[in-house]
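In: got a structure for you, letters missing:
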Ligand SMILES: Nc1nc2c(ncn2[C@@H]2O[C@H](COP(=O)(O)OP(=O)(O)O)[C@@H](O)[C@H]2O)c(=O)[nH]1
Ligand SMILES: [Mg+2]
Ligand SMILES: [Zn+2]
């Protein structure tokens, strides 16, 4: 098995030649079991321990990462470095501690998946698109379970409006509808990640594309409970026709981690509008010359989209503040600013 099949390319080759010395060899993380990582390398598939830093926190490693391995005593292998990522799809990890969680690394295309029956939600799609544009990978929208939906074209139109310029496909893993269409994205050495809520049919889709039952799906089959899902658990799957598919565990919520580029791509028009209000600190309430208000009235700006933008702005502002550990400082500054404004206001009235 060649590492090129697994997506090794010039980008990594250049890093390797610059930074890594002899005695090391490259591998790609194809599954994450927590303490143990499964890695594909020139020797085939091996399991290695996740290196643990002395400080306690584990090294930041994700499925899709390219790593430098070292065979220590001819028997065991350990991870020495993580190569710089070409792309990464991240979110804010669940939990109290503020930290990044890389969901998929070194991905070329992300399939943003929603099912047409239950999971269809444009506000959620906006979130995924922001994170996708931020990741550096190309987003493609895949709507699943066409067999359970009677108004596919209406829903497709809704998606086109939410994600202009992004390709949209509707598929069914049951009837096979649309599957051929999405096969064009799978090319030798290219990695496609499947992202979306639990239950939308990601693993089923991998199995359909792979032509065999590689991944566990949620379906329980009463007829033959044995021997169905016995294949090794993998998250990054090499397809028989070339190309790699990265299945991710379902995410209940996608809390953004970084969003600057993504917000610009998704909401550049709103950012422009906001800038063209007469007052630079316009609250977009009742001020004269408010471009947002005008756009909402004329229908140029969709009210729901505007509300989502406001919500996202608030969330991102909060995240930024948390990130910099400056929440308190900022509150202090706000206090000062308000005091200043009050002072100006009273001065103006005198
Ligand atoms: N009707 C229908 N059901 C599907 C389709 N794809 C997946 N499912 C079912 O949806 C459920 C969840 O699928 P699964 O692949 O485990 O979802 P995941 O959590 O996104 O990996 C399973 O019961 C599948 O059989 C489809 O195209 N049509
Ligand atoms: Mg799954
Ligand atoms: Zn305004």
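Out: Good, I have the coordinates. Predicted, not measured: the structure shown is a model, and the values here were computed from it. Ligands and ions are numbered 1, 2, ... in the order given.

In: and the protein, which of its residues are near ligand 3?
Out: 277, 282, 284, 290, 292 (C-beta under 5 Å from the ion). No exception for glycine: its C-beta is placed from N, CA and C like everyone else's.

In: mind running it again at 6 Å?
Out: Within reach of ligand 3 by C-beta under 6 Å from the ion, the chain has these residues: 277, 282, 284, 287, 290-292.

In: where does the stretch 201-350 of the chain have low pLDDT?
Out: Applying pLDDT under 70 to the stretch 201-350 of the chain flags residues 218-234, 326-330, 350.

In: can you do 90?
Out: 210-235, 240-241, 248-253, 285-287, 318, 320-350 (pLDDT under 90).

In: ok, the residue nearest to residue 112 when sequence neighbours are not counted - contacts?
Out: The shortest distance from residue 112 to any non-neighbouring residue, by C-beta to C-beta, 6 or more residues apart in numbering, is to residue 128 (4.5 Å). Shown in contact with residue 128 (C-beta atoms under 8 Å, 6 or more residues apart in numbering): 112, 139, 195-196, 254.

In: any idea how far the closest residue to residue 242 other than its chain neighbours is from ligand 1?
Out: Among residues not flanking residue 242 along the chain, residue 188 sits closest, at 3.5 Å (C-beta to C-beta, 6+ apart). Here the criterion is C-beta to the nearest ligand atom, to the nearest Å. By it, residue 188 lies 25 Å from ligand 1.

In: residue 188 against residue 243, yeah?
Out: Yes: using C-beta atoms under 8 Å, residue 188 is in contact with residue 243, at 6.2 Å.

In: and the two? Which one has more around it.
Out: residue 243 (22 against 13; other C-beta atoms under 10 Å).

In: just the strands in this protein please.
Out: All strands of the chain, identified by DSSP state E, fall at 24-32, 36-41, 44-49, 66-71, 77-82, 88-92, 100-105, 109-115, 138-144, 168-170, 191-196, 236-238, 244-247.

In: now residue 205: closest residue in space that isn't a chain neighbour?
Out: With sequence-adjacent residues excluded and distances taken as C-beta to C-beta, 6+ apart, residue 205 is closest to residue 173, at 5.5 Å.

In: list the contacts for the residue of the stretch 51-200 of the chain found nearest ligand 2?
Out: Residue of the stretch 51-200 of the chain nearest ligand 2, by C-beta to the ion: residue 198 (6.9 Å). With contacts defined as C-beta under 8 Å, 6+ apart, residue 198 is in contact with 218, 249-252.

In: for ligand 3, what is the nearest residue in the stretch 101-250 of the chain?
Out: Per C-beta to the ion, residue 126 is where the stretch 101-250 of the chain lies closest to ligand 3, at 21.2 Å.

In: please name the residues that touch that residue.
Out: Residue 126 is in contact with 162, 266, 305, 308, 312, counting by C-beta under 8 Å, 6+ apart.

In: in helices, which of those residues fall?
Out: Residues of those located in helices (DSSP state H): 162, 266, 305, 308, 312.

In: what about the residue in the stretch 151-300 of the chain positioned nearest to ligand 2, how many residues nearby?
Out: With C-beta to the ion, the shortest gap between the stretch 151-300 of the chain and ligand 2 falls at residue 203, namely 3.3 Å. Neighbourhood size, residue 203 [other C-beta under 10 Å]: 25.

In: quick check: it touching residue 210?
Out: No: using C-beta under 8 Å, residue 203 is not in contact with residue 210, being 10.4 Å away.

In: and the residue nearest to residue 205, how far from residue 197?
Out: From residue 173 over to residue 197 the distance is 16 Å, taken as C-beta to C-beta, to the nearest Å.

In: and residue 319, by the same measure?
Out: With C-beta to C-beta as the criterion, residue 319 and residue 197 are 21 Å apart.

In: same question, residue 15
Out: Separation of residue 15 from residue 197 (C-beta to C-beta) stands at 35 Å.

In: got the residues of the stretch 101-250 of the chain near ligand 1?
Out: 144-145, 147-148, 172-174, 198-204, 217-219, 250 (C-beta under 6 Å from any ligand atom).

In: which of those residues fall in helices?
Out: 202-204.

In: now do the contacts for the residue nearest the centre of the chain.
Out: Taking C-alpha atoms, centre = their mean as the criterion, residue 89 is the residue nearest the geometric centre of the chain, at 3.9 Å. The contact partners of residue 89, taken as C-beta under 8 Å, 6+ apart, are 102-105, 107, 110, 131-132, 135, 137, 193, 195.
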